[in-house]
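Student: Requesting a structural model of the entry that follows:
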Amino acid sequence: MDIIERFLNYVSFDTQSSEESNTYPSTLKQLDLLKFLLKELNDLGVEASIDEYGYVIGRIPSNLNKKAKTVALIAHVDTSPDASGKDIKPQIIKDYNGKTIILNCERNIEISPEKFPNLKDKIGDDLIVTDGTTLLGADDKLGVAEIMDFVEFTYNNPDYKHGEIVIVFTPDEEVGDGTKFFDVKKVNAELAYTLDGSKVGEIAFENFNAATAKITINGKSVHPGSAKNKMTNAIEVAFEFNNLLPKYMRPEITENYEGFNHLMHIEGSVEKCFMTFIIRNHDKDIFATQKDDFNSITTFLNKKYGNNTIELKIEDSYYNMREILQEKKEIVDVAIKAIKNNGIEPIIEPIRGGTDGARLTFMGLPCPNLGTGGYNFHGPYEYVSIKEVKIARNIIKDLITEIISL
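Tutor: Next comes the predicted model:
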């Protein structure tokens, strides 16, 4: 099957995950695609199964006469809750001319190189875009398609030499639970790669350290007509808390290696107010200082307004995988070589976010992230470069070959 035909088939499945669900997977409709992929793997001669949580795991045995490291290729099937993933209507733009693309005339939705400069590099490429009403689903069905295309390649080319390969498709990455029930021992690989990045040639092996701060502010509600020296307005205290944090560490003014504190949610009344922040930094020490700031502000405001005015709970979410991968440089080096083999200069940039690869790395499965050829994820301006997809497919083949030498 052609890789683009495969991708378009996968995006016809509505696999949007949900942050509001208490089930796993968070939406049962993800299982429709996961079971479909299981059948595809089995039809291609791969021994594969699906577990009670929806993880699909398949194994392609080594065909070498020597020992080689076992590698896992990983992608997630769910799409973001940020935009609809139902009834996706992809459009193919042939030989893109560098001008604004009209996605939807009726709704006046368009994608222009002025607003999305990465389009300027795609002149002459064939592109897949949306109709402006949904996301496209390249995150991460493009990774799924590239892995499945590689599986089909191994099936049709028995002389292609490789070590043992584990194929893993997961649910719920978009809601932060992609590795919640991931069984590293069952996968039983020595290294892995997630195919969940953007521009082909990207290799990401460092990401944010991440935490979430949840704050409850207990105010004192008094009739405003007689509130002097009596009222504590929880809303006002919430504003004060936010303003005591460093203003230069707000996400809208940070980039590259600069961390941030992001106020994601606030709600409440005079009597009680709730705030949620996410805390991010690549640097472990600065990350710790940011969390200390939250504790110091809590102490200060409790002294000012009374004990237990502020209740603070900070939970770490994930850590920078560079901490581990810098000690396993060969895993990154073989990917860089595979990228260069395809005439591309590797793009090494920090992820301003997190990946399942980061969590897996700290779970004992070192796992950098590779680009797939998709752009502008999580919304109607998402698009795919068909040229890059085909290069990504070749990078996987070369990567598996390079791993033999480890």
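
Student: Can you verify residue 42 is assigned to a helix?
Tutor: Yes. Counting by DSSP: H, G, I helix; E, B strand; the rest coil, residue 42 is located in a helix.

Student: Could you find the closest non-adjacent residue to it?
Tutor: residue 48 (5.9 Å; Cβ to Cβ, 6 or more residues apart in numbering). Using the backbone N, CA and C atoms, a C-beta is placed for each residue, glycine as well.

Student: Now for the one you found, how many residues are close by?
Tutor: 22 (other Cβ atoms under 10 Å).

Student: Quick one: distance of the helix or strand encompassing it to the chain centre.
Tutor: Using DSSP states H and E, residue 48 maps to strand 47-50. What separates the centre of strand 47-50 from the centre of its chain is 24 Å, taken as Cα atoms, centre = their mean, to the nearest Å.

Student: Partner strands of it, with direction?
Tutor: strand 56-60 (antiparallel) (DSSP bridges).

Student: next one: the following helix or strand past the partner strand to chain centre, how far?
Tutor: Downstream of strand 56-60, the first helix or strand assigned by DSSP H and E is strand 71-76. The chain centroid and the centroid of strand 71-76 are separated by 13 Å, computed with Cα atoms, centre = their mean.

Student: After strand 71-76, which helix or strand is next? Please name it.
Tutor: strand 91-93.

Student: what's that next one packed up against?
Tutor: Judged by 3 or more Cβ pairs under 8 Å, 6 or more residues apart in numbering; DSSP states H and E, the packing partners of strand 91-93 are strand 127-129.

Student: now the angle from the following helix or strand past the strand it packs on to strand 71-76?
Tutor: On the C-terminal side of strand 127-129, the closest following helix or strand by DSSP H and E is helix 138-156. If you take axes from the mean of the first three to the mean of the last three Cα atoms, to 10 degrees, helix 138-156 sits at 140 degrees to strand 71-76.

Student: For the helix or strand that comes right after helix 138-156, name the packing helices and strands.
Tutor: With elements assigned by DSSP H and E, the helix or strand that comes after helix 138-156 is strand 165-170. In terms of contacts (3+ Cβ pairs under 8 Å, 6+ apart), strand 165-170 is packed against helix 30-43, strand 56-60, strand 71-76, helix 138-156.

Student: Determine which stretch of the ones you listed is the most buried.
Tutor: Among the helices and strands packed on strand 165-170, strand 71-76 has the highest mean neighbour count (mean count of other Cβ atoms under 10 Å), at a mean of 26.

Student: Which residue ranges make up the domains of the protein?
Tutor: Structural domains annotated on the chain: 3-206+321-403, 209-318, as defined by automatic domain parsing.

Student: could you dump those to CSV with mean pLDDT?
Tutor: CSV is the format used below for the domains of the chain (pLDDT from 0 to 100):
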stretch, mean pLDDT
domain 3-206+321-403, 96
domain 209-318, 96
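
Student: picking up where we left off before, for the helices and strands packed on strand 165-170, which one sits closest to residue 114?
Tutor: Shortest distance between residue 114 and the helices and strands packed on strand 165-170, using Cβ to Cβ, is found for helix 138-156: 21.9 Å.

Student: Which residues are in contact with the residue minimising distance to the centre of the chain?
Tutor: The geometric centre of the chain, computed from its C-alpha atoms, lies nearest to residue 355 (Cα atoms, centre = their mean), at 4.7 Å. Under the criterion of Cβ atoms under 8 Å, 6 or more residues apart in numbering, the contact list for residue 355 reads 194, 196, 204, 207, 321, 367, 369.

Student: how near is it to residue 329?
Tutor: Applying Cβ to Cβ, to the nearest Å, the value for residue 355 to residue 329 is 19 Å.

Student: and what of residue 302?
Tutor: From residue 302 to residue 329 the distance is 46 Å (Cβ to Cβ).
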